[in-house]
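Participant: the following block contains a protein sequence and its predicted model.
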Amino acid sequence: YAVTAIPFQPFSGTLASIPTEDDRYSSVITLPFFFDFYGFNYNQIVVSTNGYMTFGQTSLAGQYSPWAITYQIPWANFPAKNSIFGCYEDLYNNASQGGLGTITYGSYGTAPYRKFVVYFYNQPHFSCNSTIPLTSFQMIINETTNIIDVQLINRAPCTTWQSGNGVIGIINADGTQGITPTGRNTGAWTAAQEAWRFYRPGYYLNYPFTRCDY
């Protein structure tokens, strides 16, 4: 994979809600299309309330999601694998315990070029809660091209907890391969209105199609 900056153009529309319970994975979400991630095709994900989506690990649905991140990726012992990190950090989003934000998901567009988006909106940080700016971002995966986009609306680190660590990026199933934008690996970085694309050079230019002659 490679990563490059793209224009900041976040999705705007109606999406389905994911119930938010702090430090948990969602129920299994079935994608509207198969998505190729590190050479394997998936049509189901689970979403961590700590800012990422995971492929091929449906047994994690409803289970505890780790919040402590202290190492940069790639790393074989990184606590989350086979995942897309929109902004992985210790978020505090349990509505029953005072969480402020929402997590939603859905698809838009027309086959074979649909997009599936997971949207974290106004997420407070554990410990800092809403005493610092809230975190908002979107993870978008693209049908056929298998491109991954992250639209980061806003992120400020909670430096009094976990050293303010957060990461944008992707990692494979055993943690040995991963990539992040420059300056967005595990650390206390601040950013707003930026967007990143993860892709395999040349790969997305070659895909099967049917030519119809009239």
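Facilitator: Nice, thanks for sending it over. Given the structure is predicted, the values throughout are model-derived calculations rather than measurements.
Participant: and residue 64, what is it in contact with?
Facilitator: 23-25 (Cβ atoms under 8 Å, 6 or more residues apart in numbering). Just so you know, the C-beta spots here come from the backbone N, C-alpha and C atoms, and that holds for glycine as well.
Participant: neighbour-wise, which of the residues you listed leads?
Facilitator: residue 25 (26 neighbours; other Cβ atoms under 10 Å).
Participant: thinking again about what came up before, in strands only, show me the contacts of residue 64.
Facilitator: Judged by DSSP state E, the contacts of residue 64 include no members of strands.
Participant: out of those residues, which one sits closest to residue 102?
Facilitator: Nearest to residue 102 among those: residue 24, at 14.9 Å, using Cβ to Cβ.
Participant: from residue 49, how far out is that closest one?
Facilitator: Residue 24 sits at a distance of 6 Å from residue 49 (criterion: Cβ to Cβ, to the nearest Å).
Participant: which residues do these two both contact?
Facilitator: residue 65.
Participant: please tell me how far residue 125 sits from residue 35.
Facilitator: For residue 125 relative to residue 35 (Cβ to Cβ), the value is 29 Å.
Participant: repeat that for residue 80.
Facilitator: With Cβ to Cβ as the criterion, residue 80 and residue 35 are 17 Å apart.
Participant: with residue 74 instead?
Facilitator: 20 Å.
Participant: ramachandran angles for residue 158?
Facilitator: When read as degrees, to the nearest 10, the backbone of residue 158 gives phi -90, psi 90.
Participant: still on that earlier bit, more crowded one of residue 125 and residue 35?
Facilitator: Taking other Cβ under 10 Å, residue 125 and residue 35 do not tie; residue 125 has more neighbours (27 against 22).
Participant: how is the residue nearest the centre of the chain assigned, secondary-structure-wise?
Facilitator: Note on the chain: the residue nearest the mean C-alpha position is residue 86, at 3.3 Å, using Cα atoms, centre = their mean. State at residue 86, reduced to three classes by DSSP: H, G, I helix; E, B strand; the rest coil: strand.
Participant: mind listing what's buried along stretch 17-26?
Facilitator: By neighbour count on 16 or more other Cβ atoms under 10 Å, the buried set for stretch 17-26 is 18, 20-26.
Participant: and these, which is the shakiest by pLDDT?
Facilitator: In terms of pLDDT, residue 20 ranks lowest among those, with 77.
Participant: thanks a lot, catch you later.
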